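S.K.: Build me a model from this:
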Amino acid sequence: MRLVWTAEALNDLADSLVYYLEKAGPTTAARVETRIFSQVEALRTFPESIRTSDRVPGTRERAIQRLPYIAFVQVLPDQIRVLNVVHTARRFP
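M.R.: Okay, the predicted model is just below:
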């Protein structure tokens, strides 16, 4: 199944990576990026395996393992749209 990242999701990710780059350095930022991308990419196989969101109607939530992030996705017949990547300390929506 095709995976589509919205501009908002990519901006969320970029903001997070800038934070890690400034606070922990390039190695940590690269590891965070790899972990988020790999866990979201894994949704291609079985997107219905993640929980339905109570916070954002019509979406599903992918908790990123070992990181404080949630990816909000919309599962459509022909694609998975990544809508946001949100830090769990942030009030969302």
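
S.K.: For the chain, which helix extends over the most residues?
M.R.: The longest helix of the chain (DSSP state H) is helix 7-24.

S.K.: For the longest strand belonging to the chain, buried residues please.
M.R.: With secondary structure taken from DSSP state E, the chain has its longest strand at strand 79-87. Buried residues in strand 79-87, counted by 16 or more other CB atoms under 10 Å: 80, 81, 82, 83, 84, 85, 86. Quick note: C-beta positions are derived from backbone N, CA and C, even for glycine.

S.K.: I'd like the residues you listed laid out as CSV, including pLDDT and distance to residue 12.
M.R.: CSV is the format used below for the buried residues of strand 79-87 (pLDDT from 0 to 100; distance: CB to CB, whole Å):
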residue, pLDDT, distance to residue 12
80, 97, 16
81, 98, 14
82, 98, 9
83, 97, 9
84, 96, 5
85, 97, 4
86, 96, 7
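
S.K.: Nearest to residue 74, out of those residues: which one, please.
M.R.: Distances from residue 74 to these, taken as CB to CB, are shortest for residue 81 (4.4 Å).

S.K.: what residue ranges in this structure score low on pLDDT?
M.R.: The model of the chain has pLDDT under 70 over residues 92-93.
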